[in-house]
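Colleague: got a sequence here, can you build the structure:
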Amino acid sequence: MATKKKGTLTTSGEWAKHLRKFLKRKFWKAERFKAKRIVKIESE
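Modeller: Predicted structure coming up:
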């Protein structure tokens, strides 16, 4: 099981090589979305 790492905004319930590509894509999509939200909030 993965833990939250420095520089990563979202935590993954399970992050391992055996996960399907779909789950990896879903994780990184959420990561990019949260990064954009933080930038937007800080710029206001």
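
Colleague: helices along the chain, start to end?
Modeller: Secondary structure of the chain (DSSP state H): helices located at 21-43.

Colleague: in it, what spans have low per-residue confidence?
Modeller: Counting by pLDDT under 70, the chain has low-confidence residues at 1-6, 9-19.

Colleague: give me that answer again for 80
Modeller: Confidence mapping of the chain against pLDDT under 80 gives the ranges 1-24, 44.

Colleague: okay, now residue 29: neighbour count?
Modeller: A total of 11 residues lie near residue 29 under the criterion other Cβ atoms under 10 Å. (C-beta placed from N, C-alpha, C; glycine too.)

Colleague: quick one: it from residue 43, how far?
Modeller: Using Cβ to Cβ, to the nearest Å, one gets 22 Å for the distance from residue 29 to residue 43.

Colleague: now residue 36
Modeller: In this structure, residue 36 and residue 43 are separated by 11 Å, where distance is defined by Cβ to Cβ.

Colleague: what of residue 22?
Modeller: Relative to residue 43, residue 22 is positioned 32 Å away (criterion: Cβ to Cβ).

Colleague: and for residue 23?
Modeller: Where residue 43 is concerned, residue 23 sits at a distance of 31 Å (Cβ to Cβ).

Colleague: equivalent analysis for residue 31, please.
Modeller: Taken as Cβ to Cβ, the spacing of residue 31 relative to residue 43 amounts to 19 Å.

Colleague: who has more neighbours out of these two?
Modeller: Neighbour comparison, residue 31 and residue 43: the larger count goes to residue 31, with 14 against 6 (by other Cβ under 10 Å).
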